[in-house]
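Colleague: This is a predicted model, with the sequence first.
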Amino acid sequence: MMRKISITSMLLGAVHTPLAPGSRLEELGKFLGIPDRWDFGIDEEFMCQLGYGDFEIALRARANRVEVEWVWLELWHARRGEPQPKAAPLRLVDGIDVDLGAFRPGISLSSVKALLDSLQLSLRRIQSKRCQ
């Protein structure tokens, strides 16, 4: 049976999903299985990043629990140096369909801001270490 993840519902917190910040690693592992890739940071506190298809999930230890810190969805890729929107559908894991809603690959930052404003959510811009 195909499960579905809605990006808009995740942003609104309307649906409980282990992809939401604050979810425990155990819930995430049961839901998604083994990641495609992982990167453990060298830090005094535990932090790592897991990759599932077009998703990156950062984990951090808090109060003797490992929790989801943030979820990053890759909507762009750079081939030959020029950023291009990724082709839909985006991948998470087999058996889970990703509903992007209005957040399509190639969407402009101003359109994202307008969508978040319409959902009464704020935007926090973070520059990825990959982009530096």
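Modeller: Great, that's in hand. Residues are numbered from 1 along each chain as shown.
Colleague: Count the neighbours of Gly106 for me.
Modeller: Neighbour count for Gly106, taken as other Cβ atoms under 10 Å: 12. Any C-beta I mention is one placed from the backbone N, CA and C, and that applies to glycine too.
Colleague: and Pro105, what does it touch?
Modeller: If you count contacts by Cβ atoms under 8 Å, 6 or more residues apart in numbering, Pro105 has them with Leu75, Trp76, Pro85, Lys86, Ala87, Ala88, Leu90.
Colleague: one more time with 7 Å
Modeller: Leu75, Trp76, Pro85, Lys86, Ala88 (Cβ atoms under 7 Å, 6 or more residues apart in numbering).
Colleague: how near is the first one to Ser111?
Modeller: Separation of Leu75 from Ser111 (Cβ to Cβ, to the nearest Å): 12 Å.
Colleague: which of the two has more neighbours?
Modeller: More crowded of Leu75 and Ser111, by other Cβ under 10 Å: Leu75, with 18 against 13.
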